[in-house]
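Engineer: Provided below are the primary sequence and the corresponding predicted coordinates.
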Amino acid sequence: MRGLKMQRKTRVLLAKAGLDGHERGVRVVGMGLRDAGMEVLYTGLYNTPEMIVRTAIQEDVDVLGLSTLSGGHMELCSRILELLKEEGKEREILFIAGGIIPQDEGEALKRVGVSEIFREATKMGEIVKFIENNVKKRDASFPNQAGE
């Protein structure tokens, strides 16, 4: 169904997982993405990776963004990637992460499948541009499933 998605706004699910109760950054990113013309959904606090992936699939999102400040990013991202693969959605849903993530751990997350890491000083335009460019690339790789 990806071929049909080019006719609608990019849908982004922003999520918080585990016991991380800090949400100012994810709310700012959500407003910035909305202002850039994207449709943004937010899970709220204290979700499990299973809840996040289930919501991403149910809402048919293009992008899943995990915001993390609690230090559990390695385990949480790995579990989300595992669940996306189990559902066959690892190529269909662009998975990004942001927050307080050390450089070396961010590189490790990218090696295992996180598309990009956005740290606390990242400019909104950089996030928007990354999402727009990568959703376009992803859409181009999926044939129109409607047969048109």
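Structural biologist: Noted; the coordinates are in hand. Residues are numbered from 1 along each chain as shown.
Engineer: And what about the spatially closest residue to residue 106 that is not a sequence neighbour, helix, strand or coil?
Structural biologist: Excluding its sequence neighbours, the residue lying closest to residue 106 (C-beta to C-beta, 6 or more residues apart in numbering) is residue 117, at 3.8 Å. Quick note: C-beta positions are derived from backbone N, CA and C, even for glycine. Going by DSSP: H, G, I helix; E, B strand; the rest coil, the secondary structure assigned to residue 117 is strand.
Engineer: cool, and the one 5 residues further on?
Structural biologist: Using three-state DSSP as the criterion, the local structure at residue 122 reads coil.
Engineer: Could you pull up the contacting residues of it?
Structural biologist: residue 98 (C-beta atoms under 8 Å, 6 or more residues apart in numbering).
Engineer: Against residue 79, how distant is it?
Structural biologist: 24 Å (C-beta to C-beta, to the nearest Å).
Engineer: Please state the backbone phi and psi of residue 43?
Structural biologist: phi -80, psi -20 (degrees, to the nearest 10).
Engineer: Cheers, nothing more for now.
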